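S.K.: any chance you could fold what I've pasted below:
(chains A and B)
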There are 2 protein chains.
Amino acid sequence: MALIVHKYGGTSMGSPERIRNVAKRVAKWARAGHQMVVVPSAMSGETNRLLGLAKELAPSRKDSAYHRELDMLAATGEQASSALLALALQAEGMPSISYTGWQVPVRTDSSYTKARIESIDDKRVRADLDAGRVVIVTGFQGIDGDGHITTLGRGGSDTSAVAIAAAMKAAEVLIYTDVDGVYTTDPRVVPEARRLHSLSFEEMLEMASLGSKVLQIRSVEFAGKYKVPMRVLSSFTPWDIDINEEAKSGTLITFEEDEQMEKAVVSGIAFARDEAKVSVLGVPDTPGIAHQILGAVAQANIDVDVIIQNVGKEGRTDFSFTVNRGDYQRTLDLLNEQVVPKLGAEEVVGDDKIAKVSIVGIGMRSHAGVASTMFRALAEENINIKMISTSEIKTSVVIDDKYVELAVRALHKAFGLDQAGAGA
Amino acid sequence: MALIVHKYGGTSMGSPERIRNVAKRVAKWARAGHQMVVVPSAMSGETNRLLGLAKELAPSRKDSAYHRELDMLAATGEQASSALLALALQAEGMPSISYTGWQVPVRTDSSYTKARIESIDDKRVRADLDAGRVVIVTGFQGIDGDGHITTLGRGGSDTSAVAIAAAMKAAEVLIYTDVDGVYTTDPRVVPEARRLHSLSFEEMLEMASLGSKVLQIRSVEFAGKYKVPMRVLSSFTPWDIDINEEAKSGTLITFEEDEQMEKAVVSGIAFARDEAKVSVLGVPDTPGIAHQILGAVAQANIDVDVIIQNVGKEGRTDFSFTVNRGDYQRTLDLLNEQVVPKLGAEEVVGDDKIAKVSIVGIGMRSHAGVASTMFRALAEENINIKMISTSEIKTSVVIDDKYVELAVRALHKAFGLDQAGAGA
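M.R.: You can find the predicted model right below:
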């Protein structure tokens, strides 16, 4: 009997019928003796509908007055779905009450549309739990120091759920979604991909940031920081599935290192398409060039992913990085107009048909030779590696876009992820 | 240059195009130098959509946990429309900010779905006005002493607007709606009906409660209590109509008695169909019978309108009242089962094909013979009067339902309301 946080995504809340199923599932957990806090997203489509109305009325701007009203508007989606879920629980005979972010309160900074949670006061929620109520807390939103409504940005409900679980020291936060867990890689690319029973939050971070879009990355950071066990599982199992079975389903994201020691070296293969590679060639090899190049890029609000600088020769070096494909042309123009003349670089070249493939595994830390297994597997398929980047638990390569499926399948096999029992 | 409150109904806010027109109209008023507070309703259909979802999920109940969630849900409609209007104003180049009821705050009691406003703190709104912003305040909602969201009930946005105008001592509150003012009677019944340029809030109260559903009656009570001049006008005039012309359009509801002295004896003819008449005959003429009859009716949550008790003879009297037609059968059953046996009354009779027609006018106070003019006009049309009830500024008769149009037309003519210049 523990304090448990459930989070349901927009698809799970997408219709009265589905909300009723969520209510039945939550009631089952409450009747099993758990104290339940539930964080629902807005009904699917609702946030887009609201922001669509805003777009019809006002062209996008960058000032905070504009973003403040967007938050005021978008926050209504979660408020409505939370009230509906409370009503559905009451109809199931389960006492329930819903709270908005400001009512809890969930305090955030004032960065409208991408606010960060600063603190959560759990007094009110705890009093209701102790009175035997299921407490619904709106995801995605909070209140800033001046009493304005803020939102956490797309996918922010995951972060809300984890933050509440952390503040209340919940035993586990269960993220119900439309997939049944985290896989060794994308099953659409590798049919043999298997669901991971658990992985470390560091691995999940790498998987998420590399394109496994199961969880919002900030929520994983939060879970890691506050050591909140987090489980990703499907909301499409029947609501009356045995609770013990349900409690073990999906993928557990854990912070317990010891468990990880038993694990496979590589847990999963992540990949990201839609990247583009840009290189500034013949840059004078002097201190500060990375800042001069990337500073200009960052100022243009272009996100940079992999960054590589190799050793120089003859006082010059080549500097490469990857950006979203949509930012490719803008990046080239920027470099040619502002950076090349200033730095006295030779030229800018690029390639917008690349992809990034990464192997992720906490076991890499203690196993040599993981990278070379990767490179050999790719060589056997005659896949040319354009860039390499490594971290403690991840090795990424940039390759031709057209080889991405081939590479993922080859790596999935090379690291034994096809076989039951491995990687989990 | 004054502080002005505008209120826009759901139809006026019904689409992005209409919201843009509201924004242009408000911006015109602000540019003319007025400090503007705007209270919008939810976009038309939105409140019904939300409550429809609730109905799908939970059968209606009477406990406050249920009503609390309904308020949480319904309040989102006004929050969204307020944010959209603020965005539209910003897009017109007019600085604007929206506030929910709890942000102002508008403090209410805890009667969910029909809360009453207790106080309004105008500091925050005033600071924004002084900073040159148009302030949008959500209608229909507030916050109770424990920080729960409350709503004021259907049509509550009118009350919100008047309450804010009262708290801020606004020069005038303009209620923009889909009619262009208050008429001497329903123009669908009497084509000669004319718009009143002004009437007293007491007359408006009688007109509203008698079926002229232009304004929520509570908002008129509020306006009368706090002496807030209130104007009903159309939101369908072009937004760029000359502001001086617009400021004089519609119908002004005023609390200034002096003005009223100049007015016609009768300002308008109100009527209500869908009433039913019930009489308890042969009731022992002893103290307390009214309470014994109506107490039972009230306990069954049946609203009573006209109540008549005539002098008795031979120790017995007849007691009559009207109810909504929908409550007719329930009222008869109740009386026959509970009241007649207890009181020893003779019998209960009724008629569910009746209507009430009333003449309303503050001038009646000082003019004798108004009622007799009414009765003569009806007699000339051979309309039988079934009940009569009078107050200081109103005389009502209950007649056969089928004569209602004939009666209204006859009275409209008899009191000279057809003629331009009268009644206004």
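S.K.: point out where chain A drops to low pLDDT.
M.R.: Low-confidence segments of chain A, defined by pLDDT under 70, span residues A:208-213, A:256-264, A:420-424.
S.K.: so where's the longest helix in it?
M.R.: helix A:64-91 (DSSP state H).
S.K.: identify the residues contacting A:Ile289.
M.R.: The contact partners of A:Ile289, by Cβ atoms under 8 Å, 6 or more residues apart in numbering or on different chains, come to A:Val283, A:Thr317, A:Phe319, A:Leu343. Any C-beta I mention is one placed from the backbone N, CA and C, and that applies to glycine too.
S.K.: which of those sits closest to A:Lys248?
M.R.: A:Phe319 (48.1 Å; Cβ to Cβ).
S.K.: for A:Asp352, phi and psi?
M.R.: Phi and psi for A:Asp352, reported as degrees, to the nearest 10, are phi -100, psi 20.
S.K.: quick one, what contacts it?
M.R.: A:Ala276, A:Lys277, A:Arg325, A:Tyr328.
S.K.: could you do A:Arg376 as well?
M.R.: A:Ala414.
S.K.: let's verify it: helix, strand, or coil?
M.R.: helix (DSSP: H, G, I helix; E, B strand; the rest coil).
S.K.: how close does it sit to A:Met387?
M.R.: Here A:Arg376 is placed at a distance of 18 Å from A:Met387 (Cβ to Cβ, to the nearest Å).
S.K.: buried residues in the longest strand along chain A, which are they?
M.R.: In chain A, assigned by DSSP state E, the strand with the most residues is strand A:268-284. For strand A:268-284, burial by neighbour count (16 or more other Cβ atoms under 10 Å in any protein chain shown) applies to A:268-272, A:275-280, A:282-283.
S.K.: quick check: the two most widely separated of the residues you listed?
M.R.: That would be A:Gly268 and A:Gly282, which, of the buried residues of strand A:268-284, are the farthest apart (Cβ to Cβ) at 38.1 Å.
S.K.: could you point out which element follows the longest helix of chain A?
M.R.: Note on helix A:64-91: by DSSP states H and E, the next helix or strand toward the C-terminus is strand A:96-99.
S.K.: export that following strand as PDB, just CAs?
M.R.: Extracted in PDB, the C-alpha atoms of strand A:96-99 (Å, rounded to 0.1, in the frame of the first residue of the first chain):
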ATOM      1  CA  SER A  96     -12.200  12.300  -6.000                       C
ATOM      2  CA  ILE A  97     -11.200  16.000  -6.400                       C
ATOM      3  CA  SER A  98      -9.300  17.800  -9.100                       C
ATOM      4  CA  TYR A  99      -6.800  20.600  -8.700                       C
END
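S.K.: and A:Trp29, what is it in contact with?
M.R.: Counted by Cβ under 8 Å, 6+ apart, A:Trp29 has contacts A:Ile4, A:His6, A:Met36, A:Ile243.
S.K.: what about A:Lys402, neighbour count?
M.R.: 11 (other Cβ atoms under 10 Å in any protein chain shown).
S.K.: and for the residue nearest to it when sequence neighbours are not counted, the neighbour number?
M.R.: Nearest non-adjacent residue to A:Lys402, counting by Cβ to Cβ, 6 or more residues apart in numbering or on different chains: A:Lys353, 7.4 Å away. Neighbour count for A:Lys353, taken as other Cβ under 10 Å: 13.
S.K.: please apply the same query to A:Ala410.
M.R.: A:Ala410, neighbours per other Cβ under 10 Å, totals 22.
S.K.: just say helix, strand or coil for it.
M.R.: A:Ala410 ends up helix, using three-state DSSP.
S.K.: okay but it is in contact with A:Phe375, surely?
M.R.: No: using Cβ atoms under 8 Å, A:Ala410 is not in contact with A:Phe375; the gap is 11.2 Å.
S.K.: near chain B, which residues of the stretch 101-250 of chain A show up?
M.R.: A:Trp102, A:Gln103, A:Gly147, A:His148, A:Ile149 (Cβ under 8 Å from any Cβ of the partner chain).
S.K.: leaving out chain neighbours, which residue sits closest to A:Asp318?
M.R.: Closest to A:Asp318 by Cβ to Cβ, 6+ apart is A:Leu281, at 5.0 Å.
S.K.: excluding residues flanking it in the chain, which one is nearest A:Tyr2?
M.R.: Tyr isn't right for residue A:2; it's Ala. Using Cβ to Cβ, 6+ apart, the closest residue to A:Ala2 is A:Ala171 (3.6 Å).
S.K.: ok, back up a step: residue contacts, the residue nearest to A:Lys402?
M.R.: By Cβ under 8 Å, 6+ apart, the residues touching A:Lys353 are A:Ala276, A:Asp400, A:Asp401, A:Lys402.
S.K.: pretty sure the third one is touching A:Phe271, no?
M.R.: Okay, so that is A:Asp401. No: the criterion here is Cβ under 8 Å, and A:Asp401 misses it with A:Phe271 at 10.4 Å.
S.K.: any residues in contact with both of those two?
M.R.: A:Ala355.
S.K.: which parts of the longest helix of chain A are buried?
M.R.: By neighbour count on 16+ other Cβ under 10 Å, the buried set for helix A:64-91 is A:66-91.
S.K.: just stretch A:236-245 next, same as before
M.R.: Applying 16+ other Cβ under 10 Å to stretch A:236-245 flags A:Trp239 as buried.
S.K.: kindly report the same for stretch A:219-239.
M.R.: A:219-224, A:228-235, A:239.
S.K.: try stretch A:288-296
M.R.: Those would be A:Ile289, A:Gln292, A:Ile293, A:Leu294, A:Ala296, for stretch A:288-296 by 16+ other Cβ under 10 Å.
S.K.: so after the strand or helix carrying the third one, what's the next helix or strand?
M.R.: Taking DSSP H and E as the definition, one finds A:Ile293 inside helix A:289-299. Sequence-wise, the next helix or strand downstream of helix A:289-299 (DSSP H and E) is strand A:304-309.
S.K.: separation between A:Glu281 and chain B?
M.R.: Glu isn't right for residue A:281; it's Leu. Distance of A:Leu281 to chain B, computed by Cβ to the nearest Cβ, to the nearest Å: 45 Å.
S.K.: so who does that residue touch?
M.R.: A:Leu281 neighbours (Cβ under 8 Å, 6+ apart): A:Asp318, A:Ala345, A:Glu346, A:Glu347, A:Val348, A:Val349.
S.K.: hmm, try it at 10 Å
M.R.: Counting by Cβ atoms under 10 Å, 6 or more residues apart in numbering or on different chains, A:Leu281 touches A:Arg316, A:Thr317, A:Asp318, A:Phe319, A:Ser320, A:Val340, A:Ala345, A:Glu346, A:Glu347, A:Val348, A:Val349.
S.K.: likewise for A:Val357?
M.R.: A:Val357 touches A:185, A:210-211, A:269-273, A:374, A:378, A:383, A:385, A:395-399, A:403-408, A:410-411, counting by Cβ under 10 Å, 6+ apart.
S.K.: now do 7 Å
M.R.: A:Ile269, A:Phe271, A:Ser396, A:Val397, A:Ile399, A:Val404, A:Ala407, A:Val408, A:Leu411 (Cβ atoms under 7 Å, 6 or more residues apart in numbering or on different chains).
S.K.: quick one: the second one from A:Val189, how far?
M.R.: Counting by Cβ to Cβ, the separation of A:Phe271 from A:Val189 is 8 Å.
S.K.: common neighbours of these two, please.
M.R.: A:Val408.
S.K.: how about the helices of chain A, start to end?
M.R.: A:16-31, A:46-57, A:64-91, A:123-130, A:156-167, A:201-209, A:217-226, A:243-247, A:257-261, A:289-299, A:328-334, A:340-343, A:370-380, A:404-414.
S.K.: residue most distant from the centroid, chain A?
M.R.: A:Glu314 (42.5 Å; Cα atoms, centre = their mean).
S.K.: columns distance to A:Ile136 on top of the buried residues of stretch A:288-296, output as CSV?
M.R.: Shown next, in CSV, are the buried residues of stretch A:288-296 (distance: Cβ to Cβ, whole Å):
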residue, distance to A:Ile136
A:Ile289, 52
A:Gln292, 50
A:Ile293, 48
A:Leu294, 43
A:Ala296, 46
